[in-house]
Every structure is written in C-alpha cells, then in structure tokens.
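Visitor: Mind looking at a prediction? Sequence and model below.
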Amino acid sequence: MTRRIEFKQHGLPEVLDFVEFSCIAPNPHQVQVRNKAVGLNFIDTYFRNGLYEVPAFPSGLGFEGAGLVQAVGSAVTRFKPGDRVAYATGPLGAYSDVHTLPEDNLVHLPKSISFEEAAALMLKGLTVQYLFRQTYRLKAGEIILFHAAAGGVGTIACQWAKALGAKLIGTVSSQEKAAIARSAGAWEAIVYREEDVAERVMALTGGQKCPAVYDGVGKDTWETSLNCLAPRGLMVSFGNASGAVKGVDLSSLAQKGSLYVTRPGLPSYANSADSLQIMANELFAMIDQGHITADIRQRYSLADARFAHEALSAQKTTGSTVLLP
C-alpha cells in the first residue's frame, strides 16, 4: 500500500488526511512516478478551500513533484522505468508516495538538478517563465511591479528579472520580507503595510509608472495594481491569494489609461509535451547557470501537509516549501 494526502470536503487545513490507497497500474499513455519530493503551492489551498472545484471526492491534492519513473503504460515512448522526471501541470494527486499522470505532463529532469530543487521550482519557475517570457516579454531596463515578492513565485521572479536586466519592484508585508526580496534580486521593495504602493511606484519610476504589473494576490491588490500601470500598460492577474477579483468595471480601464488585462494560466502555455519541455529546459538552464536557486526554507514530511498549509495560509512561509514522502 502507498500513502497520500486526501480530503473529502472543502475547508481549512484540518480537512487534509494522510491515508493509505491502492495504486493502480498506468493506462497505455500514463507514467507512474515514485515521488522523491513534492512541491507546495498556493494554488493547492484554492482546491482545498473550494475556490477551485475538484473533479470528485475524495480527492488528492497537489500538482508538482519530482522522482523516478516506476512504471510506464504500453504506449509510452518518451520515458522508461528509472528515468528522473519532474512535473507541474497535474492532474491533482502529487501529495503522494506514488503519482500516476499522462506522459505528456512529464519532463526529463537533468542530473544536475536535485529532486528537491525540481519540486521547489517546477510550478513556480514555469509560472515565471510564461509570465516574463511569454505573457509580457520582459526587457532589460524596464521597471515592473510584482506583488508578494518574498514568496515562492516572487523570489524566483526577482532572480529571473535581475538576470534579464529588468528592475523589479516587489511588494511585501514586512521589512524582513523586504530584505528577502532584495537579496533575491529585487531592485526595490515596498512594505505595503507602511507605504502607499501606488505613490511609491510613482516616485521610483519618476512618474512614468510600470508597463506591466504582475499580481498573484487578487482582490486586495486589484485597484492598487491598476493605479501602478502606465497608459496602455498590462495588468497580469495570475492568482487569487486574497480571493478572486469580482465585479470588474471595464470603464475604469479606459479612465486609467486604456489599460490591458489578462488572466493567464500555465496550462494554456504548456499545452503540449514539446512546449512543456521547452519551457522546462529554459528554467533548467537558468538554474544551471546560477541565475535561479531553489530557496527552500521549509521542509515537511508528507504526513504533515496539514501543518504546511496552515503556515502557508498564515503567511508564515518565505521562499519555497517541499513535502518529503
């Protein structure tokens, strides 16, 4: 028998149970992975608390992990037992000793990158890849705003922006987190509990504001983000940490400078095996070149996933968190 985290209803972290389950053989197009490390991400809390629905109950949780191929389906051609692999695009169920998923959702993991590094970086790193390289192609010298810059996605964004020669202004909740963002490569950090973010952005940009704002927070930062955008700037709303944005007044986009808004998601970019591997290869190259490091600041056993969720939801984590089966 293998063990996994599952939940039978939406709710607070206490709905998460560590249970035994029977692991069935992969179908012809699936690969079975023995997880060595699993990533913890804020999107996991959305599925747990009901902001995002799950296909059925009881449900597994988690999208991201890394390990060794244990078995392959009869039609699988890209992988064989013993291969080092990583994944970040689901399906749900990564919080497990063993996870079975479609062949097209896996990438080959080079030996230069550890399983913990991959589990800490895959989903967050691929998110930054599509945000900076595809949604809005960030250029050297540009000044952009990135919310929650001391978090898992944020610290990777700080590093990647610096490597591209861009100037990232990060918002954070404390001076401690401001120091973390700056050490990761942020050009400036704004403690939103102490300063008016829009006013500070105006000052830092000489009144020009930003061509793009990357907002994974959602409801609480929506208006602030719009107020930090230059005319015809792009609002990239890619998360809902504070809740979903609702009741958007489209006329306000015109009033604030004919702004653009997009709500991107990783599946739309990593929509084939080839595109996923290409994105992962760029991420792996950034890691190998030393531009991005896995800032793993919390490690929990898989059985303690409930406590990891409590810490994440209470904003007590910085950098990345991994779960160890």
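Guide: Looks like it came in fine.

Visitor: Report the contact partners of Ala120.
Guide: Ala120 is in contact with 37, 39, 152, 294-296, 320-322, counting by C-beta atoms under 8 Å, 6 or more residues apart in numbering. Yep, even glycine has a C-beta here, placed from its N, CA and C like the rest.

Visitor: Could you verify that Thr321 is part of a helix?
Guide: No. Read with DSSP: H, G, I helix; E, B strand; the rest coil, Thr321 is strand and lies in no helix.

Visitor: Pull up the gap between it and Ala311, please.
Guide: 8 Å (C-beta to C-beta, to the nearest Å).

Visitor: Quickly list what's touching both of these two.
Guide: Gln298.

Visitor: Mind checking which of these two has more residues around it?
Guide: Ranked by neighbour count (other C-beta atoms under 10 Å), Thr321 and Ala311 place Thr321 first, with 23 against 15.

Visitor: my read: that one touches Arg297, true?
Guide: Yes. The pair Thr321 and Arg297 qualifies as a contact (C-beta atoms under 8 Å) at a distance of 7.2 Å.

Visitor: Next, name the residue at the spatial heart of this protein.
Guide: Geometric centre of the chain, nearest residue: Lys124, 3.2 Å, by C-alpha atoms, centre = their mean.

Visitor: so that one sits in a helix?
Guide: Yes. Per three-state DSSP, Lys124 lies within a helix segment.

Visitor: Could you measure from it over to Tyr192?
Guide: Lys124 sits 21 Å away from Tyr192, going by C-beta to C-beta.

Visitor: same check, this time on Leu229
Guide: Computed as C-beta to C-beta, the Leu229 to Tyr192 distance reads 17 Å.

Visitor: who has more neighbours, those two?
Guide: The residue with more neighbours, out of Leu229 and Tyr192, is Leu229; 24 against 19, by other C-beta under 10 Å.

Visitor: What's opposite the more buried one in the beta bridge?
Guide: The partner list for Leu229 in beta bridges (DSSP bridges) reads Cys210.

Visitor: Would you confirm that it contacts Glu223?
Guide: No. Using C-beta under 8 Å, Leu229 is not in contact with Glu223, being 11.1 Å away.

Visitor: got any ranges where the chain has weak pLDDT?
Guide: For the chain, no stretch is flagged by pLDDT under 70.

Visitor: tell me the domain ranges of it?
Guide: 2-121+270-324, 140-263 (automatic domain parsing).

Visitor: could you redo those domains as JSON lines and give each row distance to Gln129?
Guide: Shown next, in JSON lines, are those (distance: least, C-beta to C-beta, whole Å):
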{"stretch": "domain 2-121+270-324", "distance to Gln129": "5"}
{"stretch": "domain 140-263", "distance to Gln129": "8"}
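
Visitor: Please name whichever of these is nearest to Tyr130.
Guide: domain 2-121+270-324 (6.9 Å; C-beta to C-beta).

Visitor: Check the spacing between the residue of the chain most remote from its centre and Leu121 real quick.
Guide: Distance to the chain centre peaks in the chain at Ser74, reaching 32.1 Å (criterion: C-alpha atoms, centre = their mean). Here Ser74 is placed at a distance of 32 Å from Leu121 (C-beta to C-beta).

Visitor: Just the terminal-to-terminal distance for stretch 195-215.
Guide: 18 Å (C-alpha to C-alpha, to the nearest Å).

Visitor: How far off centre is that stretch?
Guide: 24 Å (C-alpha atoms, centre = their mean, to the nearest Å).

Visitor: Begin at 28, not 1, for the rest of this chat.
Guide: Taking 28 as the first residue, the last one we looked at is stretch 222-242.

Visitor: what residues does that stretch touch?
Guide: Taking C-beta under 8 Å, 6+ apart as the rule, stretch 222-242 contacts 158, 163, 165, 169-174, 184, 196, 198, 215, 217, 248-249, 251-257, 260-266.

Visitor: Can you mark which positions in it are buried?
Guide: 224-225, 227-228, 231-232, 236-242 (16 or more other C-beta atoms under 10 Å).

Visitor: Between those, which sits nearest Gly92?
Guide: Out of these, the member with the shortest distance to Gly92 (by C-beta to C-beta) is Tyr241, at 25.1 Å.

Visitor: What ranges does the stretch 178-327 of the chain have for its strands?
Guide: 194-199, 215-218, 237-242, 256-264, 287-289, 323-328 (DSSP state E, counting those that start in this stretch).

Visitor: next SSE after the last one?
Guide: Downstream of strand 323-328, the next assigned helix or strand under DSSP states H and E is helix 332-340.
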